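*Asks:* Just the structure for this:
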Amino acid sequence: MTFSPRHSPKEPEWSIARQRMVTEQLEQRGITDPLVLRAMLDVPRHHFVPGHYRSQSYEDHPLPIGHGQTISQPYIVAHMSQALRLRGDETVLEVGTGSGYQAAVLSRLAKRVYTIEILQALAMSATQVLQRLGYDNIEVRVGDGHQGWAEASPFDAILVACAPNEIPYPLVEQLREGGRLAIPIGSGDDQTLYIFRKQDSELVQEITMPVRFVPMTRNRS
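*Replies:* Next comes the predicted model:
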């Protein structure tokens, strides 16, 4: 369902678009976890998309959110969420808050979500949207995601929504034994999404697929 940019759909129309997204983009491409499908159906993606792109909210591609950043396509959000195998009682770290959409989805799958955003403007806007929509189990921090969030660790799962050239070691340290890490690694068009499980303090590779994320940047101050 595609909406005209001059038309502001009502909530029932958004709900129909979201249902089609789940059925046509997710279920038909191998997203089978009922908890993930329910989260993707529940979270109103259009509230996390800038107004001039809102008509494309439920199409299967990333969208600009300003500051050179994007909101990931729905399939990638669902795929990474499913790969973490969350069941509701976990503590999760997200690196790269962006619009706040991925954090909102994770909040429907875990007990608590901590999310780090290096750009203050995005962290503030994501916080405002998440609070307005009532996501009260998410904490947002402005900071360098390479360092993780040590005082809230260990985490049952970590999802990185931006691409470093290598895995930041603090994230490995902060991942609980048996936990899973979803992270894209590489630069430009040469990126691979890895899903790792921590076993005996080492990362064991489980899944890979080609992806394209914005780069993971460092705080130079």
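
*Asks:* Only the buried residues of the longest strand anywhere in the chain, if you could.
*Replies:* Secondary structure of the chain read by DSSP state E shows that its longest strand is strand 175-187. Taking 16 or more other Cβ atoms under 10 Å as the basis for neighbour counts, the residues of strand 175-187 that come out buried are 175, 179-186. Every C-beta, even on glycine, is put in place using the N, C-alpha and C of the backbone.

*Asks:* just stretch 110-120 next, same as before
*Replies:* Under the neighbour-count criterion of 16+ other Cβ under 10 Å, stretch 110-120 has 110, 112-119 buried.

*Asks:* same question, stretch 133-141
*Replies:* Of the residues in stretch 133-141, those buried by neighbour count under the rule 16+ other Cβ under 10 Å are 135, 138, 140.

*Asks:* Show me what the last one is bridged to.
*Replies:* What it means is Val140. Val140 has the following beta-bridge partners by DSSP bridges: Thr115.

*Asks:* and what of Arg197?
*Replies:* Applying DSSP bridges to Arg197 gives these bridge partners: Arg180, Val204.

*Asks:* Give me the number of neighbouring residues for it.
*Replies:* Each residue near Arg197 was counted by other Cβ atoms under 10 Å, and the total is 19.

*Asks:* confidence score at it?
*Replies:* According to the per-residue confidence, Arg197 scores 97 in pLDDT.

*Asks:* you'd agree it is up against Gly178?
*Replies:* Yes: with contact defined as Cβ atoms under 8 Å, Arg197 and Gly178 form a contacting pair (7.0 Å).

*Asks:* follow-up on the earlier one: return the closest of the buried residues of strand 175-187 with respect to Val36.
*Replies:* Among the buried residues of strand 175-187, Ala182 lies closest to Val36 (Cβ to Cβ), at 12.6 Å.

*Asks:* who touches that closest one in this structure?
*Replies:* Applying Cβ atoms under 8 Å, 6 or more residues apart in numbering, one finds that Ala182 lies in contact with 80, 83-84, 157-160, 193-195.

*Asks:* and those, which of them are in helices?
*Replies:* Taking DSSP state H, the ones among those that sit in helices are 80, 83.

*Asks:* State the pair within the contacts of Ala182 that is farthest apart.
*Replies:* Ala157 and Leu193 (14.6 Å).

*Asks:* More neighbours: which of these two?
*Replies:* Ala157 (26 against 22).

*Asks:* Find me whatever residue is spatially closest to that one, sequence neighbours aside.
*Replies:* Computed as Cβ to Cβ, 6 or more residues apart in numbering, the closest residue to Ala157 that is not its neighbour in sequence is Leu84, at 4.2 Å.
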